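Chemist: quick one: sequence plus predicted model below, questions after.
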Amino acid sequence: MEKNYETFVNNLRERLLKATGYQEEMICYKTAEEYPPTDGDRLLLKNRQREGVYEVCALYVADLYEWHQNGATMERIVQEIMHRLDAIVRSECFEKSKDLEDYEKIKDDLFIRLLNVEKNRAELDDAIFRTIGDIALVLYARMGELDGCSTSVKIKQHIFEKWGKDEQMAFNDALLNTYFISPPRIYCWEKLICNMDYEGENFMNLLFDEPLKKSAIGNCLSTATRTNGAVAVFLPGVAQRLSDLLDGGFYMVFTSIHEVMIHSEKTADPKDLKRVLADTVRDTTPDEDFLTYYVYHYNRETGRFTYC
């Protein structure tokens, strides 16, 4: 570690210990390489709420060091950090975190997000999730708004054990919540290109009578929010509804965590789809949005998802 950088880290930690009144073990330094690896060195400020539960504020040290080198005094940096800590304590997120151990209070905020299993081994450690092939359906809870952004947390094993609930019931509640938080939609590319306010097609409405595409282009499935929308295909009733509209099973090409292309099994060749998926991931999918290189299949008769 560079001498000036090391001095800065030690000085910052000592000043924060004094400003917060935290005990020594509540502020620790973690390098980017330490497990689990992260994008940069961090100071972790842990504020204990109750047995086994902490509020953790992670400070990326390189950013603060650069700010300091550009003229910010140590007093200014500590003042800004204390301001952030105070904002967190007063935030909706902080209040909701107190309800995490009470299933009845938190169950309406549970939802499911998709992650690639192999790529996120460390992130999935001690998390609650189900797998379909190399896709993890991970249990999260909404924590509210902080600085205008929606925040959420993965449910960890020790929290789940406090609930004393059946895992399948928790997943069913989360899948149903996800459906209502971000309802599934089919997007026509030509409409989306012409109108950025286009909200997609509500194909789950029984009055919806437009045919889905059975050509090579397929159908883009996401959610009304178009964020983390690939989960839509696993939501209650969605796969069955798609198979009814397509009059058969279908293939799924997960071009990112945000959408999945749906192709009729009667007209699509999974080998061709796999090549298209590989090209799409390589050329257009940001690394943080990657989900899988596999093409998946839904069997209308059995209701099962498998990968090709």
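Modeler: Structure received.
Chemist: how about Gln240, what does it touch?
Modeler: 300, 303 (C-beta atoms under 8 Å, 6 or more residues apart in numbering). All C-beta spots, glycine's among them, are computed from the backbone N, C-alpha and C.
Chemist: show me how far the helix or strand hosting it is from its chain's centre.
Modeler: Assigned by DSSP states H and E, Gln240 belongs to helix 238-246. Distance of helix 238-246 from the chain centroid (C-alpha atoms, centre = their mean, to the nearest Å) equals 26 Å.
Chemist: now the helix or strand following that helix: average pLDDT?
Modeler: Sequence order places strand 250-253 as the next helix or strand after helix 238-246, per DSSP H and E. Here strand 250-253 scores 98 as its mean pLDDT.
Chemist: now do stretch 221-236
Modeler: The model assigns stretch 221-236 a mean pLDDT of 96.
Chemist: find the centremost residue of the protein, please.
Modeler: Centroid-nearest residue in the chain, with C-alpha atoms, centre = their mean: Arg113, separated by 5.0 Å.
Chemist: contacts only, for it.
Modeler: 137-138, 140, 152, 228, 231, 257.
Chemist: let's see it at 6 Å
Modeler: 138, 140, 228 (C-beta atoms under 6 Å, 6 or more residues apart in numbering).
Chemist: doesn't it fall inside a strand?
Modeler: Yes: judged by DSSP: H, G, I helix; E, B strand; the rest coil, Arg113 forms part of a strand.
Chemist: which strand residues bridge it?
Modeler: Arg113 has these beta-bridge partners by DSSP bridges: Val138.
Chemist: from Asp289, how far out is it?
Modeler: 12 Å (C-beta to C-beta, to the nearest Å).
Chemist: what comes up buried for the helix holding Gln240?
Modeler: 238-239, 241-243, 245-246 (16 or more other C-beta atoms under 10 Å).
Chemist: tell me, how many neighbours does Gln69 end up with?
Modeler: Around Gln69 there are 11 other residues, counting by other C-beta atoms under 10 Å.
Chemist: ignore the last one, Asp99
Modeler: 15.
Chemist: ramachandran coordinates for Val295?
Modeler: Backbone torsions of Val295, given as degrees, to the nearest 10, read phi -90, psi 130.
Chemist: please, where are all the helices along the chain?
Modeler: 3-20, 61-69, 74-89, 92-97, 103-106, 157-163, 167-181, 189-194, 238-246, 270-283 (DSSP state H).
Chemist: packing partners for the last one?
Modeler: Contacts defined by 3 or more C-beta pairs under 6 Å, 6 or more residues apart in numbering; DSSP states H and E place helix 270-283 against strand 250-253, strand 295-298.
Chemist: just checking: what are the partner strands of the first one?
Modeler: In this case it means strand 250-253. Looking at strand 250-253 with DSSP bridges, its partner strands are strand 260-264 (antiparallel), strand 295-298 (antiparallel).
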